[in-house]
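Engineer: no sequence for this one, just the structure:
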């Protein structure tokens, strides 16, 4: 199944890779469009198009933007998207970027023994994806691109490095204990616990390098009471942080604290169109100029430490 492509209506979806551990499932896939398929919506030129070629050629060549929506089931039970999607391109010769999407495996999902995975993809026009109700209707009435495979957790996690940690970092009146390091071809995660619930309006990062010279960064993304998760951040163009080298054996990290960055904070109001009581939500985000880095204002905490990952 890995490497299989399904083509329909001028669009090809390719399943590139699947990786699994006890907590998550990662799926890498790509999509491409056949510009020679005249039956594909948005690509068929009518007589009117041809007569207006000299005056509006850009309109003729416009391809309707699409959004890919996915659904994954393990042994018949649906699992839900985790942190979201990111785009990579592992093959420098490939014209089509690869999308990596992670899904959270709940405790109710049985992954022991045989694992049956069903992965569905719907290609939906952006104009039709304005509301969740529209998306659900399209999914119900449209045939998805469906990939099915039967495997085992052991087979899917063979490329995952899982190491128990006992690294303590003291700060203020608390202690962060890093307990587990996980690394696969798509993601790297460090799990930890605090001595008590942390009520601090700050962001925390683990920043350092691997022994091949790559700058790496883990951002705290899942603080929940005493438990926490640091997820690797990869954005070579904006933050200069890269993936861990496949040849790396050691990584050296330092905990940094970034206090509430009010200088770059912006707020956005979003009104619920379906609401009749004028209820709206306010979202906070951060905007940085070229050359600026969210971690520039980081203050180091504790000492550097080195982890042997191979």
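Structural biologist: That came in fine, so what should we check first? Worth saying up front: this structure is predicted, and the values here are computed from it rather than measured. Numbering: from 1, shown residues only.
Engineer: buried stuff in whichever helix in the chain runs longest?
Structural biologist: Longest helix in the chain by number of residues (criterion: DSSP state H): helix 132-141. Going by neighbour count (16 or more other Cβ atoms under 10 Å), the buried part of helix 132-141 is 135, 138. All C-beta atoms are positioned from the backbone trio N, CA, C, and that covers glycine.
Engineer: contacting residues around it?
Structural biologist: Outside helix 132-141, the residues within contact range by Cβ atoms under 8 Å, 6 or more residues apart in numbering are 69, 71, 122, 124, 128, 129.
Engineer: Can you select the buried ones from those in ChimeraX?
Structural biologist: The command below creates a ChimeraX selection of those among the contacts of helix 132-141 that count as buried (16+ other Cβ under 10 Å):
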select :69,71,122,124,129
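Engineer: For stretch 164-180, give the mean pLDDT please.
Structural biologist: For stretch 164-180, mean pLDDT is 88.
Engineer: Quick check: the residue positioned nearest the centre of the chain vs residue 107, distance?
Structural biologist: By Cα atoms, centre = their mean, the chain has its centre lying nearest to residue 85, at 2.9 Å. With distances taken as Cβ to Cβ, to the nearest Å, residue 85 is found 24 Å from residue 107.
Engineer: same thing with residue 249?
Structural biologist: Using Cβ to Cβ, residue 249 is found at 33 Å from residue 107.
Engineer: Also residue 74?
Structural biologist: From residue 74 over to residue 107 (counting by Cβ to Cβ), the distance is 13 Å.
Engineer: Neighbour count: these two, which is higher?
Structural biologist: residue 74 (20 against 7; other Cβ atoms under 10 Å).
Engineer: Which residues are in contact with the residue nearest to the more buried one when sequence neighbours are not counted?
Structural biologist: Nearest residue to residue 74 in three dimensions, chain neighbours excluded: residue 109, at 5.4 Å (Cβ to Cβ, 6 or more residues apart in numbering). When contacts are counted by Cβ under 8 Å, 6+ apart, residue 109 touches 74, 75, 77, 79.
Engineer: So for residue 109, what's the pLDDT?
Structural biologist: Model confidence at residue 109, given as pLDDT, is 87.
Engineer: Three-state assignment for it, please.
Structural biologist: Assigned by DSSP: H, G, I helix; E, B strand; the rest coil, the conformation of residue 109 is coil.
Engineer: quick one: low-confidence ranges for the chain?
Structural biologist: Low-confidence segments of the chain (pLDDT under 70): 35-64, 83, 89-95, 197-200, 236-238, 260-294.
Engineer: can you tell me the helix or strand for the residue lying closest to residue 5 once chain neighbours are set aside?
Structural biologist: Spatial nearest neighbour of residue 5, excluding adjacent residues (Cβ to Cβ, 6+ apart): residue 14 at 4.3 Å. Using DSSP states H and E, residue 14 sits in strand 11-20.
Engineer: distance between stretch 147-164 and the chain's centre?
Structural biologist: Centre-to-centre, stretch 147-164 and its host chain are 18 Å apart (Cα atoms, centre = their mean, to the nearest Å).
Engineer: any residues touching it, and which ones?
Structural biologist: 1, 4, 6, 15, 18-22, 25, 111-120, 179-185, 307-310.
Engineer: following the longest helix of the chain, which helix or strand shows up next?
Structural biologist: Using DSSP H and E, the helix or strand that directly follows helix 132-141 along the chain is strand 145-152.
Engineer: Paired strands for that next one, with orientation please.
Structural biologist: strand 114-125 (antiparallel) (DSSP bridges).
Engineer: How about the strand it pairs with, which residues are buried there?
Structural biologist: Buried residues in strand 114-125 (16+ other Cβ under 10 Å): 115, 117, 118, 119, 120, 121, 122, 123, 124.
Engineer: Now do it against strand 11-20, angle only.
Structural biologist: Between strand 114-125 and strand 11-20, the angle comes out at 140 degrees (axes from the mean of the first three to the mean of the last three Cα atoms, to 10 degrees).
Engineer: start at 36 instead
Structural biologist: Sure, I'll start counting at 36 from here, so that last one is strand 149-160.
Engineer: Give me the residues contacting strand 149-160.
Structural biologist: 44, 46, 48, 50, 53, 55, 60, 62, 64, 66, 99-111, 170, 173-174, 177, 179-188, 191.
Engineer: Quick check on these: which are buried?
Structural biologist: Listed as buried from the contacts of strand 149-160 are 46, 48, 50, 53, 55, 60, 62, 64, 66, 101, 103-107, 109, 170, 173, 179-180, 182, 184, 188, 191; burial here means 16+ other Cβ under 10 Å.
Engineer: Right, I'll call it a day here.
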